[in-house]
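Chemist: quick one, fold the following:
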Amino acid sequence: MIKELLKELNIQFKSITYDKEEDPYDPEFIAKIKRGEKARKEGRGGKSKHE
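Modeler: Sure, this is the predicted structure:
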């Protein structure tokens, strides 16, 4: 449906597929994000000063 709409509007696009074997993210970065999520769930995350 979206592809047809883009074609109707003459918008060029490129279809890509996601392959877990070729993950574009650095494994260390992923591990850091997961550690942060776990820390926040345990109440050890950083505090923001929103008022």
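
Chemist: so who does residue 23 touch?
Modeler: residue 30 (C-beta atoms under 8 Å, 6 or more residues apart in numbering). Any C-beta I mention is one placed from the backbone N, CA and C, and that applies to glycine too.

Chemist: check the gap between it and residue 15 for me.
Modeler: 19 Å (C-beta to C-beta, to the nearest Å).

Chemist: tell me, what residue is most central in the protein?
Modeler: The centroid of the chain falls nearest to residue 25 when counting by C-alpha atoms, centre = their mean (9.2 Å).

Chemist: and that one, which of the three is it?
Modeler: Assigned with DSSP: H, G, I helix; E, B strand; the rest coil, residue 25 falls in the coil class.

Chemist: same thing with residue 7?
Modeler: Classification of residue 7 by three-state DSSP places it in helix.

Chemist: any low-confidence regions in the protein?
Modeler: For the chain, the stretches flagged by pLDDT under 70 are 18-21, 45-51.

Chemist: mind doing that once more with 90?
Modeler: 1-7, 12-27, 30, 40, 43-51 (pLDDT under 90).

Chemist: and residue 25, backbone torsions?
Modeler: Reported as degrees, to the nearest 10, the phi and psi values for residue 25 are phi -90, psi 140.

Chemist: state the distance from it to residue 7.
Modeler: Using C-beta to C-beta, residue 25 is found at 31 Å from residue 7.

Chemist: now do residue 24
Modeler: For residue 24, the distance to residue 7 (C-beta to C-beta) stands at 27 Å.

Chemist: and for residue 17?
Modeler: Residue 17 sits 19 Å away from residue 7, going by C-beta to C-beta.

Chemist: likewise residue 32?
Modeler: With C-beta to C-beta as the criterion, residue 32 and residue 7 are 40 Å apart.
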